[in-house]
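[1] Sequence first, predicted coordinates after that:
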Amino acid sequence: MNKHQAVLNRLAGLAILLTLLTPPTLLAEGNPSAVIRTSMGEIQLELYADKAPVSVENFVNYAKSGYYDGTIFHRVIGNFMIQGGGFTPDMQKKTTGEPIQNEAANGLKNKRGTIAMARTNNPHSATSQFFINVNDNTDLDYTGEGSSREWGYTVFGRVTSGMSVVDSIRFVPTGRVQGFSDVPKEPVVIESVEISDG
């Protein structure tokens, strides 16, 4: 092996080492970001298109269409999560598109600061609604494809800035409104959701 080839081999080895040591979030080039502008401040997100492509495309399409504008965080549980993206301030449920496939088996966990798709007991029923975890909610993670609980809830991004806003929302006074529990007494409005492509 000549000196030139030895140098090339060392460089290749260093490149592999750097790849192994680089956190996955730094490797995921091209992931879009989002800004949720609320009546209580801004929440910035990184969306994991590389890990949850169906869920991210779904969220992005709703956002770009203006669907989320004027909706509210309609379900707020202080030690659990804040949920929005489906109701108007007068608690009217908005019409949605078709439900999407559950992607909770993507290896992402429902940790504090992650955003995930809300759904019914049907694992593949998520449409427009999402929630931001305010604690590590391991009971929402994928464990198998048997029961609805085992399927888990698809994480598709994380808060990169504005967790203080999320924490402000989580502690607003809530009550029962038109048959719904855990509704903020003063509406927390999603004014807009802006997407920036990665």
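    Cool, got the structure.
[2] What separation do you get for the nearest residue to N121 once chain neighbours are set aside and N122?
    Excluding the flanking residues, the one nearest N121 by C-beta to C-beta, 6 or more residues apart in numbering is S148, at 4.7 Å. All C-beta atoms are positioned from the backbone trio N, CA, C, and that covers glycine. For S148, the distance to N122 equals 7 Å [C-beta to C-beta, to the nearest Å].
[3] What of N102?
    On the measure of C-beta to C-beta, N102 and N122 end up 9 Å apart.
[4] could you pull out the strands for the chain?
    Here the chain has its strands, by DSSP state E, at 33-38, 41-47, 71-77, 81-84, 114-117, 130-133, 155-161, 174-177, 180-184, 189-196.
[5] export the second one as CSV, just CAs?
    Once non-C-alpha atoms are left out, strand 41-47 reads as follows in CSV (Å, rounded to 0.1, in the frame of the first residue of the first chain):
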residue,chain,number,x,y,z
GLY,A,41,-46.6,32.7,22.2
GLU,A,42,-44.6,30.7,19.6
ILE,A,43,-43.7,27.0,19.6
GLN,A,44,-41.0,26.0,17.2
LEU,A,45,-40.7,22.4,16.0
GLU,A,46,-38.4,20.1,14.1
LEU,A,47,-40.5,17.6,12.1
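[6] Partner strands of it, with direction?
    Note on strand 41-47: by DSSP bridges, its sheet partners are strand 33-38 (antiparallel), strand 155-161 (antiparallel).
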